[in-house]
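[1] Sequence first, predicted model second:
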Amino acid sequence: MKKLKSTFIAWIAIYPAIAAVLLVFGNYLTHKPILLRTFIITVVLVPLMIYIDSVLD
């Protein structure tokens, strides 16, 4: 049950962040290849999630 709770908490944190990135960069990313879009989104989100995690601890 602990893994399920951790997964749910991670999803709650990541989903709005992905939505925000797509809202901000969506028009720019639409015409890019999928691998480039994925790269750009992860370059933004991974450091953001690590920073937020370190601030909340």
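    Okay, I see it.
[2] Now do the buried residues in the lengthiest helix in the chain.
    In the chain, taking DSSP state H as the definition, the longest helix is helix 2-29. For helix 2-29, the neighbour count (16 or more other C-beta atoms under 10 Å) marks Val21, Leu29 as buried. From N, CA and C alone the C-beta is placed, and that goes for glycine too.
[3] by contact count, what packs against it?
    helix 34-56 (3 or more C-beta pairs under 8 Å, 6 or more residues apart in numbering; DSSP states H and E).
[4] who touches the helix it packs on?
    Contact partners of helix 34-56, identified using C-beta atoms under 8 Å, 6 or more residues apart in numbering, comprise Ala13, Ile14, Ala17, Ile18, Val21, Leu22, Phe25, Leu29, Lys32.
[5] What of stretch 26-33?
    Contacts of stretch 26-33 (C-beta under 8 Å, 6+ apart): Leu22, Arg37, Ile40, Ile41.
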